[in-house]
Structures are given as C-alpha cells and as structure tokens.
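K.L.:
below are the sequence and a predicted model; questions follow.
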Amino acid sequence: PQMVKEYCALVKEVEESPNIIVDRGLKQEYVLQIGDAYYGDKNEISKHFKDMGKPVMIEDYTIV
C-alpha cells in the first residue's frame, strides 16, 4: 500500500510538470509538433523526432 501511494504521487508530479508530455493517447502529430526533444524508449515517435532533427535520448536500462 505505501509503495502504491508513493507511485501515485510520483505519477501525479510527472503529469503536472509543464516540461513533460505524458502520452495518454495523444495524437502523434500533436506530440511531434509541440515536442522539442524526445526521451524514452526507441520507437516510431523517437524515429520521427530524429528525422526532424530534434534531440533524441533513448533510455538505457543497463545503467543501475
């Protein structure tokens, strides 16, 4: 229960940050238009950001 509360608080903090887009079904075109950089997993959106010349940072799960 405590971990769930901490997780929910973290999610809320991230969602309310003005510098982060949390993808909850946003249209890809909108994200590409308003985003100035991408951070996360390698996927179709990261490819589009790279093709547009915008900075792309891929999450490295091997770093502990």
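P.N.:
Noted; the coordinates are in hand. Bear in mind the structure is a predicted one, so any value in this text is a computation, not a measurement. Residues are numbered from 1 along each chain as shown.

K.L.:
list of residues touching stretch 54-64?
P.N.:
Applying CB atoms under 8 Å, 6 or more residues apart in numbering, the contact partners of stretch 54-64 are Gly35, Asp36, Ala37, Tyr38, Tyr39, Gly40, Asp41, Lys42, Ser46, Phe49, Lys50. Glycine gets a C-beta too; all of them are placed from N, C-alpha and C.

K.L.:
quick one: which of these is the most crowded by neighbours?
P.N.:
The most crowded member of the contacts of stretch 54-64, judged by other CB atoms under 10 Å, is Tyr38 (23 neighbours).

K.L.:
got the phi and psi for that one?
P.N.:
phi -120, psi 140 (degrees, to the nearest 10).

K.L.:
now pLDDT too, for the contacts of stretch 54-64, in TSV please.
P.N.:
Converted to TSV, the contacts of stretch 54-64 look like this (pLDDT from 0 to 100):
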residue	pLDDT
Gly35	90
Asp36	93
Ala37	94
Tyr38	93
Tyr39	91
Gly40	89
Asp41	91
Lys42	92
Ser46	94
Phe49	96
Lys50	97
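
K.L.:
in strands, which of the residues you listed fall?
P.N.:
Tyr38, Tyr39, Gly40 (DSSP state E).

K.L.:
quick one: which of the residues you listed is nearest to Pro18?
P.N.:
Pro18 lies nearest to Tyr39 out of the ones in strands among the contacts of stretch 54-64, by CB to CB, at 15.4 Å.

K.L.:
relative to Ser46, how far out is that closest one?
P.N.:
According to CB to CB, to the nearest Å, Tyr39 and Ser46 sit 9 Å apart.
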